[in-house]
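Novice: Quick one, structure for this:
(2 chains)
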Amino acid sequence: MSRAVEDMNRRLLRARDAMDRAYAEPLDVAAVAAVAHVSEAHFSRSFRAVFGETPHRYLQRRRVERSMFLLRETDRSVTDICFDVGFGSLGTFSRTFREIVGETPSDYRLGHEPIEAPHCFQMAQTRPRLPAGVHLRMSSFGEARRTAAP
Amino acid sequence: MITKLNVATIYVLDKEEALDFYVGKLGLEKGNDVRQGGYRWLTVRVPGEHGTEISLEEPGSPLHDEATAAQLRELITKGAMSGLVFISDDVRGLYETLKSRGVTDFTQEPTDHFYGTDMGLRDPFGNAIRILQQGKVAAAATA
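Specialist: Below is the predicted model:
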């Protein structure tokens, strides 16, 4: 029993790593589930059980974290950053950012300077937390489709 | 006055498999390998220097009861344990070498930052490994 749990954990971790690595790509749940070698339905359920949030929310928070990084560290436009981190439309990006961070991307940029900490610590530690009871409105996983861009 | 970090411990699921990865693939050298009864004191270290010994330990008896060991194994495999950070003089070259040795579990391909170039990977069990080449890079804030 224990070995099966460990094997599943390891495969789910590999899928989570794939989201951290390829957040800028148009990922969908089928592609990420394939990394873990499990069915889509089983993947989402298992991922949530192991990591405490759905794969969709994990990816959203990774993309928002990466956008926060680019807002702090670069002078690229909010629109460019939206597509840089894998969102398919500015509307989805702005709404998701506000829900997770509590302010608009532009306001966040005004209030934050670059962080002088190694990149891996920034990625791990500044991925925004969601307040308890707050749920993202989007239910689809595949908002990164670039063809949907305005 | 403390003069050196002598031993750091990392939990693995299987010492032999860990040895194959850390020595055979990552390129560390074997340090201590001492068997006493059922126990095996096994360490690896950065070659060519009297560096810190990295002790490879399996959760389990007599250090842990079976329930605790199972919890630790679950944490290792979900990537929740702490990892190791190494320094290299050529991260991009090492990346190609690791790929040629069959390593596929990269968490980050070589990337430039203001403090240098680094990459990330996981050992076979889920422990995070980062490898950094220090020094300023011209193109900062690219990722």
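
Novice: which residues of chain A fall in strands?
Specialist: In chain order, chain A shows no strands, with DSSP state E as the criterion.

Novice: That one against chain B: which residues are in contact?
Specialist: With Cβ under 8 Å from any Cβ of the partner chain as the criterion, chain A meets chain B at residues A:2, A:5-7, A:9-10, A:12-14, A:16-17, A:20-21, A:50-51, A:70, A:73-74, A:114, A:118-120. C-beta coordinates here come from the backbone N, C-alpha and C atoms, glycine included.

Novice: Find the centremost residue of chain A, please.
Specialist: A:L59 (2.4 Å; Cα atoms, centre = their mean).

Novice: picking that back up, now, which of the residues of chain A next to chain B lie within helices?
Specialist: Mapping these onto helices (DSSP state H) picks out A:2, A:5-7, A:9-10, A:12-14, A:16-17, A:20-21, A:50-51, A:70, A:73, A:119-120.

Novice: Give the lowest-confidence helix or strand of chain A, using mean pLDDT as the measure.
Specialist: helix A:119-125 (a mean of 79; mean pLDDT, DSSP states H and E).

Novice: tell me which residues in that one are buried?
Specialist: A:119-120, A:122-123 (16 or more other Cβ atoms under 10 Å in any protein chain shown).

Novice: can you list those residues in CSV and add distance to B:E49?
Specialist: Listed next are these as CSV, based on distance: Cβ to Cβ, whole Å:
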residue, distance to B:E49
A:H119, 26
A:C120, 24
A:Q122, 29
A:M123, 29
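
Novice: Chain B: strands as residue ranges?
Specialist: B:7-11, B:29-36, B:39-45, B:53-57, B:84-87, B:106-113, B:116-122, B:128-134.

Novice: Between those, which one is closest to A:P55.
Specialist: strand B:106-113 (16.4 Å; Cβ to Cβ).

Novice: before we move on, the earlier item: any idea which of the strands of chain B gets closest to A:R109?
Specialist: Among these, strand B:106-113 sits nearest to A:R109 (Cβ to Cβ), with 19.9 Å.

Novice: List the neighbouring strands of that closest one plus their orientation.
Specialist: Counting by DSSP bridges, the strands paired with strand B:106-113 are strand B:116-122 (antiparallel).

Novice: just checking, A:R109 touches A:R72?
Specialist: Yes: counting by Cβ atoms under 8 Å, a contact exists between A:R109 and A:R72, whose distance comes to 7.2 Å.

Novice: Poorly predicted segments of chain B, please.
Specialist: For chain B, the stretches with pLDDT under 70 are B:137-143.

Novice: ignore the last one, chain A
Specialist: A:1, A:130-150.

Novice: switch to 50 and redo it
Specialist: For chain A, residues meeting the criterion pLDDT under 50 lie at A:137-140, A:142-150.

Novice: State the distance from the nearest residue to the residue nearest to the centre of chain A once chain neighbours are set aside to chain B.
Specialist: Distances taken as Cβ to Cβ, 6 or more residues apart in numbering or on different chains place A:M19 nearest to A:L59, at 4.9 Å, with adjacent residues excluded. For A:M19, the distance to chain B (Cβ to the nearest Cβ, to the nearest Å) stands at 11 Å.

Novice: what sits against A:M19?
Specialist: By Cβ atoms under 8 Å, 6 or more residues apart in numbering or on different chains, A:M19 lies in contact with A:27, A:32, A:55, A:58-59, A:62.

Novice: change it to 10 Å
Specialist: A:25, A:27, A:31-32, A:35, A:47, A:55-56, A:58-63, A:86 (Cβ atoms under 10 Å, 6 or more residues apart in numbering or on different chains).

Novice: Equivalent analysis for A:A15, please.
Specialist: A:29, A:31-38, A:43, A:46-47, A:51, A:55, A:58.

Novice: No further queries at this time; thank you.
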